[in-house]
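*Asks:* could you look at this predicted model? Sequence included:
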Amino acid sequence: MSESRTISVDPGLLSPEELLAHHQGGRRRSLEGFIEKQRTVSSNGTPIHLRCRKYVRWFLDSARLKISYDDFMTTVAIFVLFGDWVRILSFPPSADSTFDVLYNIALALFVIELSLNSWVKSDFSGGIFHVKGYMFSFFFWLDLVCIISIIPDLQWAVSVFGRGDLSDPSGVGAKAGRAGKIGAKTGRVVRMARLVRLAKLYKITSQRNRERKLMEDLGKLIEMGHLNQEDVDAYVDKMRSSQKQSKVGSELSDIITRRVIIAVLLMLLAVPLLSYTSSIRDEVLATQFLQFMNIQAGSETLVDCDFLHSATNEFLTFMENIIDSPNPDHKYLLYHDISPNRCALNGTTYFHNPLHFRTNEIREVEFSTISTEGTTYNVTAVFNMKYFIQEEAKAGIYLTLFVTFMLVTLSTQFTGDAQKLILAPIESMMEMIEMVARDPLEDYDFSEVSRTGEYETRVVQLAIQKITALLRIGFGVAGAEIISTNMAVEGGGSGVFEPMVPGKRIYAIFGFCDIHAFDLCTKKLEDEIMTFVNIIARIVHSEVTRWGGLCNRNLGNAFFMVWRIGDENALQILSGRKKRSSQINTLLGTPIKNSLTSPRSNSMSSLAVDLRRIPGLDIAADKALVGFLKVLVEINRDIQVIGYRNDQRLAGPSSPFKVRMGFGLHAGWAIEGAVGSLQKVDATYLSPHVNMAARMEAASRQFGVALLMTERFHELMTPEAQSHCRKIDVVTVKGSAVPMPIFTYDTHQDQIFPRLRTPKYSNLDLSEVLKRQADDYDVLIWENDLDLVQLRRLATEEFLATHRKGVDAYLIGNWKKAKEMLQKSNELMKGSENKGDGPSQALLSYMESNNWACPPDWKGHRSLSIK
């Protein structure tokens, strides 16, 4: 049996040519393909500079030798900061050259680090003048200054720039030397900024230790069989993701770090400059020097007067030049006396007025020595410390002002940063919540309120904005109280979610609309029925909302719309009524009657609030009717709705499918509140008046019209709107014995409605034009609006007059005349979609069912057969 073996190819040991030289045949061809593939990957893969950049970035961020890169560079930074002082304290002069080499190496490392960070941690896509990232950032300039601060400690820099001749106290060299010392000291202070790395190092080390301990514990769980590797990997990824610092936290941390670095550097630099220290303050040494000269001059018998005079004059000259001030109160030496008194030396007194000096501004120094011969040598000097004390006072003022300025500035800066990144966004969120709690139905523009946020706080602000919009959409006008109660922040708010708030009696215009032939649509369209319903809902919601209403409930094929007037207490004040009639009846001891069953309920006087006396309600009623009429127009104009006419699934045997809807309008009171439980809540309205609107919608089919309205709604409208509606019957509905006239607005839908266009020369879009039309409602709309006029184009004056005569005759019991007039009005409407007038046909059918004879007990109304 032949053995097979695998040859490991290591390109680092053999060149491609050497590998190929030792193989022939198929093995050689395999090696040639392998080598060519490696060359192709090298030449056609990622560009070499991008791969190098990736590796360098990995090295800077993640590479570990025995210590991490951060550990190593932090050690270098500590050496640069303390190395010169350690050299002076602990090493002989022979070690200076070694330290200089180490300083040069540190300088080179910092330069390389600065260059690499600028390369891999910067984005140059915007050009060199629009670099993003590390380069030209705060920390870039800080690192650059730290690098420059190392140069004064290097020997080659000293030899190039020099530090001057320090032996000349008044020369340029001395000044240069002092400047060099100040520069070196300043450089070390600046270098302290690099110790910010220690905080980062501590944080990274702590995190690594926690991760290592966690991985050890997870490894034990894997060995015990409680976890598998996939679970561990998922858990570690989740943990690292949760530990990731937010952008707000990162930005705030970065800002605070910069502020602290700048503040500490300024303090370290400014405090020594503002702290006054005299160059010569040792009065004791100066006086001791004069005493030494006094003794050296000899006694009275062997005195060297020239020596003593020279020493005294040098002492006086030196004292005269210590303080450079023209103020006589600043003369340094006030008095001096030398004894024994010889060589014609007398004490000098400069006191002008002792009252000009405080106790601490005068310092007396005296030295006395007795020689072996018994001669007493004594020197007494009195010094004026006023100048130095005043300079210290000035420096104290400057230092205090500087520290105060730094404290105020830093406090303002830190407060401003917190205000900008955290507090202001939180305050704007609270303002948004308060606005929604005050009026949940208002569609607020939060663009100005939420402009303060950045990063995650901006995301939270947008989330609040979306949540409030969803609440407004979900709960609707009936849920305003629920939203307001649960979002209220005054008084600390409530920590308990309370959707089941008590109901409240309100007044409103209620409207129901229903999609006809919905069962057919559901059966034929199947899963597409949702799209179909949402297209209709878009039209209904848009038009009703534009004309002042709101959708309360979507019931699949039906929509419940509300034009809210107001709560009862507020409306009672407007209408001038203080109590509901039911309340008054209760006080009088009479039983309470339902407003729909009371004999007086056909009048607004039966309500606690007379809606006819509410200012502006006639306009609201007009707009409610216009809103429904615009829905009728749009379902016959919208391209998506018209598209279903060509849908073969819905088409009849001889005619295309057309979307038709029924509408009902009524006005009255209802209880507004939440219905349901904590598991599911619907904010809605409960009232017989709500049911009445639904009955009107259902009855519209019986009368063959698109829209029916009650007398209670009809009498709220303006006279101009009422004039375009016609009364079609007087009926009673289930649960009520009160006769109620009902009205309709003629709507001929089987026609083409022109597309809407913006006015010529208008810079507004169509939606804004339509919104302004609704906001600027005028009663002239009934004569000028093309849609409304086109809807009733078959309702001619002749038709309306004939129908009116027929209805009047029908109500008074003259059915013979009624039959004649209604047949004629039906004939006049032959061009309609129903091939006649639906209300006329309904009354004719009813009279026919009674053999065209008016019943003896006829009271001018009939019972509506539809609930």
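*Replies:* Perfect, thanks for sending it. Residues are numbered from 1 along each chain as shown.
*Asks:* for residue 692, give its distance to residue 513.
*Replies:* Per Cβ to Cβ, to the nearest Å, residue 692 is found 15 Å from residue 513. C-beta: built from backbone N, CA, C; applies to glycine.
*Asks:* oh sorry, the question was meant for residue 341
*Replies:* Taken as Cβ to Cβ, the span from residue 341 to residue 513 is 126 Å.
*Asks:* my read: residue 287 touches residue 379, true?
*Replies:* Yes - Residue 287 lies in contact with residue 379 (Cβ atoms under 8 Å); the separation is 5.9 Å.
*Asks:* list the contacts for residue 658?
*Replies:* Residues counted as contacts of residue 658 (Cβ atoms under 8 Å, 6 or more residues apart in numbering) are 636, 645, 749-750.
*Asks:* okay, these in CSV with pLDDT next?
*Replies:* What follows is the contacts of residue 658, written out as CSV (pLDDT from 0 to 100):
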residue, pLDDT
636, 94
645, 90
749, 91
750, 88
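*Asks:* so where do the helices sit in the stretch 101-250 of the chain?
*Replies:* 138-150, 155-161, 172-191, 196-224, 229-243, 247-274 (DSSP state H, counting those that start in this stretch).
*Asks:* ranking those helices by mean pLDDT, which is last?
*Replies:* The weakest mean pLDDT among the helices of the stretch 101-250 of the chain belongs to helix 172-191, with a mean of 53.
*Asks:* now stretch 533-548: mean pLDDT?
*Replies:* 94.
*Asks:* what does stretch 609-623 give?
*Replies:* On average, stretch 609-623 scores 89.
*Asks:* start and end of that stretch, how far apart?
*Replies:* 21 Å (Cα to Cα, to the nearest Å).
*Asks:* same question, stretch 791-799
*Replies:* End-to-end distance (Cα to Cα), stretch 791-799: 15 Å.
*Asks:* centre of the chain versus that stretch, how much separation?
*Replies:* 57 Å (Cα atoms, centre = their mean, to the nearest Å).
*Asks:* quick one: buried residues of that stretch?
*Replies:* 791-792, 794-795, 799 (16 or more other Cβ atoms under 10 Å).
*Asks:* what sits up against that stretch?
*Replies:* With Cβ under 8 Å, 6+ apart as the criterion, stretch 791-799 contacts 629, 632-633, 724, 726, 745-749, 751, 825, 828-829, 831-832, 837.
*Asks:* among the helices and strands of this structure, which has the poorest mean pLDDT?
*Replies:* In the chain, the helix or strand scored least confidently by mean pLDDT, DSSP states H and E is helix 581-588, which has a mean of 34.
*Asks:* helices or strands next to the helix or strand that it is followed by in the packing?
*Replies:* Later in the chain than helix 581-588, the nearest helix or strand by DSSP states H and E is helix 617-634. Contact analysis of helix 617-634 by 3 or more Cβ pairs under 8 Å, 6 or more residues apart in numbering; DSSP states H and E lists strand 504-515, helix 529-546, strand 558-567, strand 661-676, strand 707-710, helix 719-722, helix 786-791 as its packing neighbours.
*Asks:* which residues are contacting the fifth one?
*Replies:* Same thing as strand 707-710. Counting by Cβ under 8 Å, 6+ apart, residues outside strand 707-710 touching it are 625, 628-629, 632, 662-667, 692, 696-697, 699-700, 725, 740-745, 747.
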